[in-house]
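Chemist: Here is my input; please provide its structure:
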Amino acid sequence: SPGSKTMQALEIVASSDKKGRVIANDVHSGRLDSLREALGRSGLEDEMTARVTYTNYDASVFPLPKSGKLFDAIICDVPCSGDGTIRKDKHILP
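Modeler: Numbers count the residues shown, from 1 in each chain. Now for the predicted structure:
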């Protein structure tokens with residue numbers, strides 16, 4: 001379900017730094033809506049979920065933060081290549 005990796009990142013940030021934030025970015029805005037709803041249902045306190053900023057950018061052109069400070073860490077959840085499926089059935093690709 002959406003949100004599990006975001007919640008894990010949020011817990012790590014919250015346990016190590018009182019000012020840390022999580023930027024949740026997805027090129028598909030509908031997935032961000034699902035993520036926002038999942039975090040709302042998660043039972044996390046509002047002060048925790050308020051540390052998440054939702055952005056809707058193509059990651060290849062993600063803007064630099066306005067503060068000019070770079071990120072301490074970046075976690076990417078990239079789409080699966082499907083290699084395993086292709087190896088099992090070579091007729092999938094033309």
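Chemist: So what touches the helix or strand harbouring Arg31?
Modeler: Using DSSP states H and E, Arg31 falls within helix 29-41. With contacts defined as CB atoms under 8 Å, 6 or more residues apart in numbering, helix 29-41 is touched by 1-3, 6-7, 24, 26, 49, 52, 54, 56. C-beta coordinates here come from the backbone N, C-alpha and C atoms, glycine included.
Chemist: Walk me through the regions of this structure where pLDDT falls short of the threshold, as ranges.
Modeler: Low-confidence regions of the chain, defined by pLDDT under 70, span residues 1, 17, 79, 81-83, 92-94.
Chemist: in it, which spans are helices?
Modeler: Applying DSSP state H to the chain gives helices spanning 4-16, 29-41, 46-49, 83-88.
Chemist: So for Pro63, which of those helices sits nearest?
Modeler: helix 29-41 (16.3 Å; CB to CB).
Chemist: in that closest one, what counts as buried?
Modeler: If you call a residue buried by 16 or more other CB atoms under 10 Å, then helix 29-41 has these buried ones: 32, 35-36, 39.
Chemist: What is the nearest of the residues you listed to Lys66?
Modeler: Checking the buried residues of helix 29-41 one by one against Lys66 (CB to CB), the nearest turns out to be Leu32, at 19.7 Å.
Chemist: quick one: the closest one from Thr85, how far?
Modeler: Relative to Thr85, Leu32 is positioned 27 Å away (CB to CB, to the nearest Å).
Chemist: now Thr55
Modeler: Relative to Thr85, and taking CB to CB, Thr55 is found at 31 Å.
Chemist: same check, this time on Val61
Modeler: Look at Val61 and Thr85: by CB to CB, they are 30 Å apart.
Chemist: who has more neighbours, the two?
Modeler: Thr85 (11 against 6; other CB atoms under 10 Å).
Chemist: Correct me if wrong: Gly3 contacts Ser42.
Modeler: Yes - when contacts are counted by CB atoms under 8 Å, Gly3 is listed as touching Ser42 (6.6 Å).
Chemist: Tell me which of the two has more neighbours.
Modeler: Using other CB under 10 Å as the criterion, Gly3 and Ser42 rank with Gly3 on top: 20 against 15.
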